[in-house]
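J.: predicted coordinates and the sequence they were generated for:
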Amino acid sequence: QKEVEQNSGPLSVPEGAIASLNCTYSDRGSQSFFWYRQYSGKSPELIMSIYSNGDKEDGRFTAQLNKASQYVSLLIRDSQPSDSATYLCAVNSGYALNFGKGTSLLVTP
Amino acid sequence: DAGVIQSPRHEVTEMGQEVTLRCKPISGHDYLFWYRQTMMRGLELLIYFNNNVPIDDSGMPEDRFSAKMPNASFSTLKIQPSEPRDSAVYFCASSFHPRRINEKLFFGSGTQLSVL
């Protein structure tokens, strides 16, 4: 069973703070890693992808990957109330994505 | 392109009834995926197709579930007979070549299924 684990939260951060979301995975053969954001009642939307060890930055978002530790994280700088959503970590194992159950993020004004 | 189109958006049915969910993938995408999302289990892969051929159906929970893709622009997920525990949001997604690094998965809007 290829597992993707996330803390369910909720993670509550004040507006303007850094939100840190974490994910671990079990399949050492995984090559690609993704963070999807899902608003309540909506479908998941891709916000970041990463496949090399280290950091990848895109605007306020930074994805971090450590394949040796089988660990992926997402940092959201200057968090806004509009960032309040569930964040899904996804790992590419073969042709399909395996998703974690998601971490609920609440950014309070 | 209009994106991945699913229908219906909402389906309410009674236990024992047949339910058919429909999906039109993005034109040109070779891969189509069916996922189910619940609070308890998160987003689970049910089955995926490549060029209309089912490749991996190991996630299909029971024989009550079946999926078909008769052509490149249409897929169905059928539940017969339906049970209350099938209540969930069912997502269809498509992509061009998922093994390419950073290949994006495009999701439809989902079908909210309630089995009473």
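T.: Here it is on my side, so go on.
J.: up against chain B, what does chain A have?
T.: Contact residues (Cβ under 8 Å from any Cβ of the partner chain) of chain A with chain B: A:31-32, A:34, A:42-46, A:49, A:51, A:88, A:90, A:92, A:94-102. All C-beta spots, glycine's among them, are computed from the backbone N, C-alpha and C.
J.: whichever of the residues you listed end up buried, select them in ChimeraX.
T.: Buried subset of the residues of chain A next to chain B, written as a ChimeraX selection, criterion 16 or more other Cβ atoms under 10 Å in any protein chain shown:
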select /A:32,34,43,44,46,49,51,88,90,92,94,95,96,97,98,99,100,101,102
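J.: out of everything not next to it in sequence, what's closest to the residue of chain A found nearest chain B?
T.: Residue of chain A nearest chain B, by Cβ to the nearest Cβ: residue A:101 (3.5 Å). Leaving aside its chain neighbours, residue A:101 sits nearest to residue B:42 (3.5 Å; criterion: Cβ to Cβ, 6 or more residues apart in numbering or on different chains).
J.: now swap in residue A:34 and tell me
T.: Nearest to residue A:34 is residue A:90, by Cβ to Cβ, 6+ apart, at 4.2 Å.
J.: where does the prediction get shaky in the chain?
T.: With no chain named, the answer covers chain A. Residue ranges of chain A with pLDDT under 70: A:1.
J.: not what I meant, chain B
T.: Scanning chain B for pLDDT under 70 picks out the ranges B:1, B:98-102.
J.: and the residue of it closest to chain A?
T.: Counting by Cβ to the nearest Cβ, chain B gets nearest chain A through residue B:42, at 3.5 Å.
J.: OK, contacts around that residue?
T.: Each residue near residue B:42 by Cβ atoms under 8 Å, 6 or more residues apart in numbering or on different chains is listed here: A:88, A:99, A:100, A:101, A:102.
J.: do residue B:78 as well
T.: For residue B:78, the contacting residues are B:18, B:19, B:20, B:21, B:65, B:66, B:67, B:68, by Cβ under 8 Å, 6+ apart.
J.: now, which of the residues you listed lie within strands?
T.: Using DSSP state E, B:19, B:20, B:21, B:65, B:66, B:67, B:68 are the members of these that sit in strands.
J.: name the nearest residue to residue 71, ignoring sequence neighbours.
T.: No chain in the question, so chain A it is. residue A:24 is the one closest to residue A:71 (Cβ to Cβ, 6+ apart), at 5.5 Å.
J.: could you do chain B instead?
T.: In space, and not counting its chain neighbours, residue B:71 is closest to residue B:52: 6.4 Å by Cβ to Cβ, 6+ apart.
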